[in-house]
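J.: using only what follows, build the 3D model:
(chains A and B)
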Amino acid sequence: AQSVTQPDIHITVSEGASLELRCNYSYGATPYLFWYVQSPGQGLQLLLKYFSGDTLVQGIKGFEAEFKRSQSSFNLRKPSVHWSDAAEYFCAVGVTSGTYKYIFGTGTRLKVLA
Amino acid sequence: ETGVTQSPTHLIKTRGQQVTLRCSSQSGHNTVSWYQQALGQGPQFIFQYYREEENGRGNFPPRFSGLQFPNYSSELNVNALELDDSALYLCASSSVLTGIGEQYFGPGTRLTVT
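T.: Okay, the predicted model is just below:
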């Protein structure tokens, strides 16, 4: 079955510290992978995406993610977190199963300590 | 280029009532997908419309229905509302012509059922 797992429900980091949010997916074909950020009461903002090519993908706001096919992972990283990064982060995989759709993980809520 | 818009932003309904949510797709996009995001969860695929016909459905009952119009805008209708229908409803548009890949999300409609 197709699925996305974000093992960490909550993560707390200090401002200026590095960040890594984990994402594992289950999908038999080549995945289209995405990371979105959602602030409270808001919609989804795309941080970055991977379709093919270089497995290290750069996104907005200083975020990057690395696709590792052997581990079925697409972890999100940021070298130095800012207080404004506090939000919920969703990993998603685009799958074709009858129709093309996204499957989302359950999200990781990031808290940033001043 | 106009992005995806949704209306209304918020609404409150009573259990058993019916509701219609609206979505205008991004210019040039002919496919609309709807997702439901319950509190504390990732978005879940409801259904997709292409060429004014349903093009795939997730695990949602028939009381969730939709329409797509010739200008590619779309409606999501929910009959016999239940308390569990309270959620953020997200619309996403994409273009079949550019192939599968990224869907562009609107800001969402927050539905509260009391």
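
J.: what about the strands in chain B?
T.: Using DSSP state E, the strands of chain B run over residues B:5-7, B:10-13, B:19-24, B:31-37, B:44-50, B:53-57, B:64-68, B:74-78, B:87-94, B:104-105, B:109-113.

J.: give me the sheet partners of the shortest one and which way each runs.
T.: Sheet pairing of strand B:104-105 (DSSP bridges) gives strand B:87-94 (antiparallel).

J.: then the second one?
T.: With DSSP bridges as the criterion, the sheet partners recorded for strand B:10-13 are strand B:109-113 (parallel).

J.: same check, this time on the fourth one
T.: Sheet pairing for strand B:31-37, assigned by DSSP bridges, gives strand B:44-50 (antiparallel), strand B:87-94 (antiparallel).

J.: now those strands in a markdown table, with mean pLDDT and mean neighbour count?
T.: Every C-beta, even on glycine, is put in place using the N, C-alpha and C of the backbone. Below are these laid out as a markdown table (pLDDT from 0 to 100; neighbours: other Cβ atoms under 10 Å in any protein chain shown):
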| stretch | mean pLDDT | mean neighbour count |
| --- | --- | --- |
| strand B:44-50 | 95 | 22 |
| strand B:87-94 | 95 | 25 |
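
J.: distance to residue B:30 added to the ones you listed, as TSV?
T.: Listed next are the strands paired with strand B:31-37 as TSV, based on distance: least, Cβ to Cβ, whole Å:
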stretch	distance to residue B:30
strand B:44-50	7
strand B:87-94	8
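
J.: so for residue B:2, which of those sits nearest?
T.: Using Cβ to Cβ as the measure, strand B:87-94 is the one of those that comes nearest residue B:2, at 10.6 Å.

J.: next, the angle from the closest one to strand B:64-68.
T.: 30 degrees (axes from the mean of the first three to the mean of the last three Cα atoms, to 10 degrees).

J.: show me what residue A:5 is bridged to.
T.: Bridge pairing for residue A:5 - DSSP bridges - gives residue A:24.

J.: my bad, should have said residue A:50
T.: residue A:33.

J.: isn't it right up against residue A:32?
T.: Yes - the pair residue A:50 / residue A:32 is scored as a contact, 7.2 Å apart, by Cβ atoms under 8 Å.

J.: low-confidence ranges, chain B, go.
T.: Residue ranges of chain B with pLDDT under 70: B:1, B:96-100.

J.: what do you get if the cut-off is 90, keeping everything else the same?
T.: B:1-3, B:26-29, B:51, B:55, B:95-102 (pLDDT under 90).

J.: spell out which parts of it neighbour chain A.
T.: B:33, B:35, B:40-45, B:48, B:55-56, B:58, B:88, B:90, B:92, B:94, B:100-103, B:105-108, B:110 (Cβ under 8 Å from any Cβ of the partner chain).
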